[in-house]
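Enquirer: dropping a prediction and its sequence here:
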Amino acid sequence: ALEATFRAVGLSLLKNPDALSAELLEALLDEQLRLVIELDGLPTPRIDYADLETRPGESSRPPLTHPGLWYLAALAISEQLPAQSGAQHPLLRPWTRAAPDPEQGRLFDVLIAGLAASPASFWSHAAFLIADRLRAAIGSTNVEGRCHPLEQPGLIVDEVDHGVLVWDSLVDLHRVPHAALALVDLARVRDLDFGRVTEAIWSAWGEAGCPRSGADFLLSDPEFARRLWPHLPKKLMQEVLRSVTKLPVELFGDEQWEAYLESAKGLKILPDASDVVLAIPCHFIQPAARGGLLDTISEPVLERLWQRCASAVLEAAVELVRSGHPAAGCRLLCAAPAKFTGELVQSLKASVAFFELPRLMLDGLRRNLHLRIARRDPEWRDAYRLLLELEQGLSPLNHL
């Protein structure tokens with residue numbers, strides 16, 4: 001009961017540090033320290049909880065029972081106490097020490113494991129804030145010559161604030177659950193505009209030569225990515241195409257779309273082209289078509305593009321036909337859903353010199369019209385008239 005209360009009170013203090021008086025918190029911590037046992041050099045709750053088997057071969061435990069969150073509760077409670085009051089402990093009450101205890105890194109390791117067992121939540125983010133405050137109070141926890149990963153987001157924000165951020169500080173951040181998004185909280189606490197953080201991150205990646213190693217950090221958290229990718233500089237887009245296998249194109253603004261279309265055309269590579277086409281804004285469909293982005297997209301994807309941006313696709317198809325790319329334009333037109341049969345016929349009759357099309361494309365167009373007639377699509381009679389015109393024109397050729 002005491003340990004359950006200790007966890008609940010400590011984690012609630014992360015959101016409301018003034019919820020209880022220092023006297024009550026001191027009494028709670030003193031009682032908890034009386035029951036602590038030491039195992040392998042670390043303080044441990046007396047009552048632990050084994051993993052629960054949920055399915056054959058799988059196990060888990062409720063997040064709040066993880067010892068890492070018990071450590072987090074202890075740090076939150078002890079932070080609220082006056083320096084000389086109550087019982088002391090170098091790891092569970094470290095705030096008044098001159099330097100971190102040698103075992104503090106191991107305690108932080110267990111705390112991170114507790115975050116990994118938890119869904120993204122308030123206390124997950126608060127863990128990085130409390131580690132940052134502890135670092136400011138007693139110094140960094142040294143792990144093989146570097147600060148502990150739990151303290152890394154705070155160090156990154158320090159480097160941003162002083163204009164000295166380097167990629168080496170970011171490269172392993174994605175290995176720690178919720179660490180990337182913690183940058184948002186830490187910037188807010190420091191009253192630092194997050195735009196400066198995103199600018200510094202992209203600058204650090206570019207100055208490091210845009211390495212593929214560690215680029216996963218750029219996509220490590222969906223909420224963090226939502227804040228980072230709209231600020232991708234145009235000059236880095238080509239390198240992003242080489243380094244990142246799945247781009248979050250749904251987060252692009254106009255500047256990023258312009259850079260993407262130009263870079264993809266220059267590199268002759270179109271990674272995740274179907275996803276790109278499904279996310280592309282309607283006003284970028286014409287330049288995408290001119291750059292060849294739509295040339296290899298499957299018909300189901302093109303049909304979804306028609307449903308979303310019919311007028312833009314129609315304009316792009318007509319422009320392709322008129323600019324000397326009739327095959328590409330006809331392919332777009334033939335992907336039009338049934339309700340656009342009338343627009344399809346009118347555009348074809350107005351824009352296409354049919355008998356200059358490659359025979360393979362011409363046969364595909366005939367099959368498309370034949371299917372629309374068979375389904376009795378809207379304005380299927382217009383499709384029949386066009387098919388009849390094609391057949392009459394092809395008749396002499398078929399007898400050669």
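Expert: The structure has been received and is ready for your questions.
Enquirer: now do the SS call for residue 49.
Expert: Following DSSP: H, G, I helix; E, B strand; the rest coil, residue 49 is assigned to coil.
Enquirer: so in the chain, where's the weakest helix or strand by average pLDDT?
Expert: Each helix and strand of the chain was given a mean pLDDT (mean pLDDT, DSSP states H and E); the minimum falls on strand 58-60 at a mean of 57.
Enquirer: which SSE is immediately downstream of that strand?
Expert: Tracing the chain C-terminally past strand 58-60 and defining elements by DSSP states H and E, one meets helix 67-79 next.
Enquirer: give the other helices and strands that the following helix or strand past that following helix contacts.
Expert: Using DSSP H and E, the helix or strand that follows helix 67-79 in sequence is helix 104-116. With contacts taken as 3 or more CB pairs under 8 Å, 6 or more residues apart in numbering; DSSP states H and E, helix 104-116 sits against strand 42-44, helix 67-79, helix 122-138. Bear in mind the C-beta positions are built from the backbone N, C-alpha and C, glycine included.
Enquirer: where does pLDDT dip in this structure?
Expert: 52-61, 119-120, 266-272, 395-400 (pLDDT under 70).
Enquirer: any idea how far residue 181 is from the residue nearest to the spatial centre of it?
Expert: Central residue check for the chain by CA atoms, centre = their mean: the C-alpha nearest the mean position is that of residue 222, 3.3 Å away. Distance of residue 222 to residue 181, computed by CB to CB, to the nearest Å: 9 Å.
Enquirer: got it, and residue 221?
Expert: 5 Å.
Enquirer: ramachandran angles for residue 147?
Expert: phi -70, psi 160 (degrees, to the nearest 10).
Enquirer: for it, name its beta-bridge partners.
Expert: Beta-bridge partners for residue 147, by DSSP bridges, are residue 142.
Enquirer: so who does it touch?
Expert: 135, 140-141, 155 (CB atoms under 8 Å, 6 or more residues apart in numbering).
Enquirer: could you identify the most distant pair in those residues?
Expert: Farthest pair in the contacts of residue 147 (CB to CB) is 141 and 155. Separation: 11.1 Å.
Enquirer: between the two, who's got more neighbours?
Expert: Shown here are residue 141 and residue 155; by other CB atoms under 10 Å, residue 141 has more neighbours (25 against 18).
Enquirer: and the closest residue to the more buried one other than its chain neighbours, how many neighbours does it have?
Expert: Nearest residue to residue 141 in three dimensions, chain neighbours excluded: residue 148, at 4.1 Å (CB to CB, 6 or more residues apart in numbering). Residues within reach of residue 148, counting by other CB under 10 Å, total 24.
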